[in-house]
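Undergrad: Kindly generate the corresponding structure for this input.
(one chain, ligands or ions: 1)
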Amino acid sequence: MTLIPFDDRDGSIWWDGAVVPWRDAKLHVLSHGLHYASAVFEGERAYNGHIFKLREHTERLLESGRILGFEIPWSADQIDEACLQTLERSGLTDAYIRPLAWRGSEQLSVSAQATRIHLMVAAWAWPNLFGADRMKGVRLATSKWKRPHPETAPIHAKAAGLYMTSTMSKHDAEAQGYSDALMLDWRGQVSEATGANIFFVMDGALHTPTADCFLDGITRRTVMALAAKRQIPVVERAIMPDEMGHATEVFVTGSAAEVTPVRQIDDLHFDSGLVTATLLKDYEALVRMAPEQVRLQLAA
Ligand code: PMP
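TA: Numbering: from 1, shown residues only. Purely as a prediction, here's the structure:
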């Protein structure tokens with residue numbers, strides 16, 4: 001696979017209200033966000049030229065900043081507009097959109113009250129987190145790293161610092177030949193993958209861990225609404241790893257992962273079944289609708 005480095009591409013990036021040529025969007029090495037992970041971000045997808053659930057992503061970005069103690073100096077309307085403009089300028093109709101807010105270089109110590117808050121938005125083509133053969137199902141290996149207690153880390157923020165253990169876990173899983181890691185939480189309960197939430201089909205119902213120490217994904221909530229529309233019972237509860245063997249189907253959800261079947265977790269094997277196929281198809285249809293139609297569909 002040829003990797004195209006992210007700092008050497010054509011196009012432009014929205015940065016603090018200006019449009020900067022892609023290769024010139026460079027940051028000083030003495031930035032607080034880089035040293036102390038004082039950064040929050042979003043991962044969004046556009047389909048047919050519409051960014052799916054844009055306002056929810058923007059609200060979560062603003063809220064993530066507040067959880068980390070800063071106010072992003074742009075309104076929700078301005079951030080939505082920045083994302084839409086970035087998408088339009090990219091020339092893509094189907095794309096991944098990445099807004100990121102971070103503390104600047106005015107101070108470089110733990111205390112960073114006087115730092116300026118910056119915001120950037122970039123868009124690029126990124127078909128799916130798990131690549132083209134994801135429909136065969138991905139394979140997860142349980143990580144040794146745990147999702148933390150909600151008093152240990154700001155688990156409801158999409159904060160850069162939380163991805164330190166995600167990358168370490170994903171690399172460990174990849175080194176063992178798996179696609180991703182399954183993360184347990186500090187209690188030993190099943191939580192999520194490194195960048196996607198997890199669902200289990202058990203006795204015809206959809207079971208998913210309660211989002212009390214990991215990100216309650218926008219895709220997770222969307223899939224739960226789609227399941228309800230299909231009269232598939234949805235159960236949010238604590239799930240222990242030794243229960244996973246009772247599942248007949250497993251899938252993960254996320255803006256980047258979309259709905260992706262899981263065919264293996266450690267030594268457990270799963271078939272891709274009807275519930276996964278139905279929700280995958282419903283999700284694919286929903287994301288391709290215009291925003292107003294999406295609202296109508298989910299309200300019905
Ligand atoms: N958990 C983590 C750790 C993630 O990075 C993501 C992707 N943002 C998700 C869950 C899924 O969230 P969403 O459906 O909002 O993209």
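
Undergrad: how about Arg237, what does it touch?
TA: Going by Cβ atoms under 8 Å, 6 or more residues apart in numbering, Arg237 touches His207, Pro209, Thr210. From N, CA and C alone the C-beta is placed, and that goes for glycine too.

Undergrad: try 7 Å this time
TA: His207, Thr210 (Cβ atoms under 7 Å, 6 or more residues apart in numbering).

Undergrad: same deal with Pro148?
TA: For Pro148, counting by Cβ under 7 Å, 6+ apart, the contacting residues are Ile155, Trp186, Cys213.

Undergrad: what does Phe70 give?
TA: Taking Cβ under 7 Å, 6+ apart as the test, what Phe70 contacts is Arg103, Ile117.

Undergrad: now do Phe214
TA: Counted by Cβ under 7 Å, 6+ apart, Phe214 has contacts Arg147, Ile155, Ser191, Glu192.

Undergrad: what's the closest non-adjacent residue to the last one?
TA: I take that to be Glu192. In space, and not counting its chain neighbours, Glu192 is closest to Phe214: 4.8 Å by Cβ to Cβ, 6 or more residues apart in numbering.

Undergrad: Against the ligand, how distant is the one you found?
TA: Distance of Phe214 to the ligand, given as Cβ to the nearest ligand atom, to the nearest Å: 6 Å.

Undergrad: Surely Arg45 and Ala257 touch.
TA: No: contact criterion Cβ atoms under 7 Å: Arg45 and Ala257 do not qualify, at 10.2 Å.

Undergrad: re earlier: any idea which of the contacts of Pro148 is closest to Ser143?
TA: Trp186 (12.7 Å; Cβ to Cβ).

Undergrad: could you measure that closest one against Lys146, distance?
TA: Separation of Trp186 from Lys146 (Cβ to Cβ, to the nearest Å) stands at 5 Å.

Undergrad: These two: which is more packed in?
TA: Lys146 (18 against 14; other Cβ atoms under 10 Å).

Undergrad: wait, is that one part of a helix?
TA: No: using DSSP: H, G, I helix; E, B strand; the rest coil, the secondary structure at Lys146 is strand, not a helix.

Undergrad: Provide a list of residues in contact with the residue in the chain that the ligand sits nearest to.
TA: Closest to the ligand within the chain is Gly217: 2.7 Å, counting by Cβ to the nearest ligand atom. Contacts of Gly217 were listed using Cβ under 7 Å, 6+ apart, and they are Asn197, Thr253, Gly254.

Undergrad: All good on my end, thank you.
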